[in-house]
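Trainee: Turn this into a structure:
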Amino acid sequence: MDMIKKRIYVADDDDNIRQVVRTFLSSDGYAVEDFPTGDLLLENFREEPCDLVILDVMMPGSDGFRICSELRKLSTVPIIMLTARDSENDFAMGLGLGSDDYITKPFSAMALLMRVRAIFRRIDFENQKHEPSQKQTVRVGKLTLQEDRRCILGGESPLALSPTEYDVLKYLMLHAGQAVSRDELLNTVWGFESVVETRATDDTVRRLRQKLGGFGVNIAAVWGYGFRLEEVR
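Mentor: Numbering: from 1, shown residues only. All right, here's what the predicted structure looks like:
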């Protein structure tokens, strides 16, 4: 029986870019649908969610940041921001709204494919690496990691976490009380240190801190090194 293809939605107002991305990802076995605007992508996502979204920032109608924000209200689907703008503010805004990665134009199709593969590989690995009886339940403060459900509870309710946020928080929970370096997080979560900027870890941690208030934990900065998840008593 053929495996179900992972579905990817791509929004970019450049016809050539959409064609290249669609052709390249399709040749790697993904089912790809492309849209000239983010609004059309969002409309289709509401009707039929996909497994990953690639969003240009500058498009007619709602820009990629707005679409990313709207998608996060609906889903934790992985999102890659694709844009010609390369500034600290744009990078921080994209990650701050919940995107999982960020790549700037001009880019190679292979570089984008590697990002896509890394995200899916990370999710599949987490879902498959343990038998159900071996998956862990870990508690830190009022947080509970439930590996079998790929879920982290804050108190009694699941936290709304993107795939990247989940992976970062899970790793910090599994190493609670220990200093974890930025490079360690990059290698473990993103999967290829040389491509992803170190600031990705900082923005993901900043976003997590906003979601962890009241749950008896704090992600402390370890100056010049990384982070440590601590219980707050």
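
Trainee: Going by C-alpha atoms from here, please, whenever you check contacts or count neighbours.
Mentor: OK.

Trainee: domains for the protein, by residue range?
Mentor: Following the assignment in automatic domain parsing, the chain carries domains at 7-127, 130-231.

Trainee: How many residues are close by the nearest residue to residue 122 once chain neighbours are set aside?
Mentor: Of all residues not flanking residue 122 in the chain, residue 189 sits nearest, at 7.3 Å (CA to CA, 6 or more residues apart in numbering). Applying the criterion other CA atoms under 10 Å, we find 23 residues in the vicinity of residue 189.

Trainee: Renumber starting at 34 from here on
Mentor: Got it, first residue is 34 now, which makes that one residue 222.

Trainee: In contact with residue 222, which residues are there?
Mentor: 155, 197, 200, 201 (CA atoms under 8 Å, 6 or more residues apart in numbering).

Trainee: with these in mind, which one is nearest to residue 101?
Mentor: Each of the contacts of residue 222 was scored against residue 101 by CA to CA, and residue 197 proved nearest at 14.5 Å.

Trainee: My guess is the closest one contacts residue 113. True?
Mentor: No. Residue 197 sits out of contact with residue 113 when judged by CA atoms under 8 Å, with a separation of 11.2 Å.

Trainee: Residue 131 and residue 181: what is the separation?
Mentor: Using CA to CA, to the nearest Å, one obtains 23 Å as the distance from residue 131 to residue 181.

Trainee: which of the two has more neighbours?
Mentor: residue 131 (26 against 17).

Trainee: most surrounded residue in the contacts of residue 222?
Mentor: When neighbours are taken as other CA under 10 Å, the top entry among those is residue 197 (23 neighbours).

Trainee: Look up how far residue 262 lies from it.
Mentor: Shown here: residue 197 relative to residue 262, a distance of 16 Å by CA to CA.

Trainee: just to revisit the earlier point, shared neighbours of residue 197 and residue 113, anything?
Mentor: With contacts taken as CA under 8 Å, 6+ apart, the residues that reach both residue 197 and residue 113 are residue 133.

Trainee: Which of the domains of the chain has the lowest mean pLDDT?
Mentor: Lowest mean pLDDT within the domains of the chain: domain 163-264, a mean of 81.

Trainee: chain center to that one: distance?
Mentor: Relative to its parent chain, domain 163-264 has a centroid offset of 13 Å by CA atoms, centre = their mean, to the nearest Å.

Trainee: Can you list the buried residues in the helix or strand where residue 149 lies?
Mentor: Using DSSP states H and E, residue 149 sits in helix 142-161. Buried positions in helix 142-161, judged by neighbour count with 16 or more other CA atoms under 10 Å: 145, 148, 149, 151, 152, 153, 155, 156, 160.

Trainee: which helices and strands sit right next to it?
Mentor: Taking 3 or more CA pairs under 8 Å, 6 or more residues apart in numbering; DSSP states H and E as the contact definition, the neighbouring helices and strands of helix 142-161 are helix 48-60.

Trainee: how deep is residue 109 tucked in, by neighbour count?
Mentor: Using other CA under 10 Å, residue 109 has 20 neighbouring residues.

Trainee: repeat for residue 182
Mentor: If we define neighbours as other CA under 10 Å, then residue 182 has 11 of them.
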